[in-house]
Structure formats: C-alpha cells, structure tokens
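S.K.: My questions are about this predicted structure, shown below with the sequence.
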Amino acid sequence: MRKDFAMAAAALREAVPHGATHRDATAILQSFNTWAYKREQPSDRAVLLEVIERRRAASGPIHFVLYWGKGPRSAVAAPDLACLTYLDGMGQKIARAYVPGARFTICLTDTHARLNGHAEEAIENYYAEVDRAARARGMRTVRLSGVVAAYEAGAARGNGGVSEAEVSAAMVGSLERCAAKWYRGGGAAEEGARRYLAMNMVERRAVEAIFPDSIFVTFNGRAYRDLFPRSMPIFYMYSLKRGTSVKPWFLDADGRPFAGVEDLSG
C-alpha cells in the first residue's frame, strides 16, 4: 500500500515545462467554475489558477480530490449514483475545454466511519460498492486511512497546518452539534467531536502531501474551511445537482434526507 501511494504522489509531481499562460488557466477554470456546480465561490481563485496552470503546462488532467463519507445505508443507492454522475458531468465539461480533461480521486473516509461507530462489515460493503460505481465512471478511490498511513510512513510530508487549538470555538461548537446527531462511538458526543477534529488536523496534512497540485472538492460550505487542506484551493460544490448540497450518503434510497442530515465528512 505504501508503494502505491508513493507512486501516486510521484505521478502527480510531474515536471512543469515553461509556457503556461494565465489565459489558458482562466479558460479551463471557467469551464467548471459556474453556478451549475459551485455552491459558493472557491476559497482562493489565485491559487486555483496556479494549480490549473501547472497541470495544463504538464499536459495533465485537472486533478480533484474529495472525501466520501458513510451514513446509515450499507449499500449504494440512487443518490450516490446521481452524485457520481454529476461529478462526471463536470469532468466532461472540463474535457470539452481542455483535452486532458479531469481526474477525480475519492477519499473514502473509513476513519470517520469507524469513529462514528459504524460496523466494519457495513463500512466495507458500502465502500466496495462506491468503488465499483466510481471506477465505472473513470474515477478512482482510496481509503483515507491509507492516505494517512502513507503520509505517516514518510512517503511525503505536508506543509503543516493549523493545530486543533487554533480552530475557532464556533467550529468546535458546530462539530459537537453534528456529533450529537451522528456519533455512536464510545464516550460522549463532545469527546467524539474533539477526536474527529484531532483526526482531521492530521488528515488534511496527509491529503495535501500525497496529492500536490490538486483541487480539493467539498460539499460543505466555507464555514468548515479549517478542516480541509490548507495549501490546496477548495472548490465548494453542490452534491447531486444545482441547488442540492445534502451529501448522498445522508439520503435514503429514495433520495429523502435521514433525520439530522448535517454531516462532517466532505
């Protein structure tokens, strides 16, 4: 596994030849940075353009990384497929503007699922089905636990990030409210929220280290910015279609939200 992630990291660190232009990057950005996909403006347009320029100059696809959580369901259903199709549609729009197109890596957040008390069999069943559906659309999946393991084993080192102590009290409060709805692990919900926060401080550094020159996609809004990789531009996106931001794993098989749909993953 360590070798696989080291190879993935190396593949993303392609040499960048001269000749990238701001105009080219802007045209690529305009192909997907529209209200058909984004729920609000990206975190940092300048950094977003820099990442696109480097990928374009290397003739590589625009690389997106996102988290995929685990809700009450243990099997893939229509909302999951709709989300993957929506992402694929954005990739196709990019390909029409830029021949190498886009590539999506989905980080299956098995670490969060275990923290929230989901049974191992349910985690494995659900993520195996997500993996098959994603690969059918030309996407790839990785386990977030594997990304962290590769990072901690020394495959790559990130650029640091804020510590748990630097995250705002408002953020901690939001996490505790979410945990009260979803946390089923040992101890109180407040403890689960703080464990989740500490976990994210490591995971965000691992993701930015293993996936350089990438854009981080989230179905959350900017209120959760501190949970995501600090050095990566963040694309705040709808989940299934324009106007919908509920994550697919928190919808039942018929597309109805489960009670307490606010989620932390992604």
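M.R.: Received it, and whenever you're ready, just let me know what you need.

S.K.: Can you tell me the closest non-neighbouring residue to residue 27?
M.R.: Spatially, and ignoring its direct neighbours in sequence, residue 27 is nearest to residue 97 (6.1 Å; C-beta to C-beta, 6 or more residues apart in numbering). Where you see a C-beta, it was placed from the backbone N, CA and C, and this is true even at glycine.

S.K.: What does the pLDDT read for that neighbour?
M.R.: For residue 97, the pLDDT comes out at 94.

S.K.: Phi and psi next, for it.
M.R.: Residue 97 has phi and psi values of phi -100, psi -20 when expressed as degrees, to the nearest 10.

S.K.: OK, contacts around it?
M.R.: With contacts defined as C-beta atoms under 8 Å, 6 or more residues apart in numbering, residue 97 is in contact with 27, 28, 30, 31.

S.K.: Just the element for the last one, please.
M.R.: If you go by DSSP states H and E, residue 31 is part of helix 22-32.

S.K.: Tell me the helices and strands packed up against that helix.
M.R.: In terms of contacts (3 or more C-beta pairs under 8 Å, 6 or more residues apart in numbering; DSSP states H and E), helix 22-32 is packed against helix 45-57, helix 78-97.

S.K.: Nearest to residue 72, out of these?
M.R.: helix 78-97 (12.1 Å; C-beta to C-beta).

S.K.: next structured bit after that closest one?
M.R.: Following helix 78-97 toward the C-terminus (DSSP H and E): strand 102-108.

S.K.: ok, and for the following helix or strand past that following strand, which residues are buried?
M.R.: Next helix or strand after strand 102-108 toward the C-terminus (DSSP H and E): helix 110-115. Residues 110, 111, 112, 113, 115 are the ones in helix 110-115 that count as buried (16 or more other C-beta atoms under 10 Å).

S.K.: swap in stretch 64-76?
M.R.: 64, 65, 66, 67, 68, 69, 70, 71, 73, 74, 76.

S.K.: Pick out the most distant pair among those residues.
M.R.: For the buried residues of stretch 64-76, the maximum inter-member distance is 26.4 Å, found between 64 and 74 (C-beta to C-beta).

S.K.: hey, which helix is longest across the chain?
M.R.: Among the segments of the chain that qualify as a helix by DSSP state H, the longest is helix 189-210.

S.K.: Against which helices or strands is that helix packed?
M.R.: The contact analysis (3+ C-beta pairs under 8 Å, 6+ apart) places helix 189-210 against helix 2-12, helix 110-115, helix 144-152, helix 169-182.

S.K.: Mean pLDDT lowest where, among those?
M.R.: Mean pLDDT is lowest for helix 169-182 among these, at a mean of 49.
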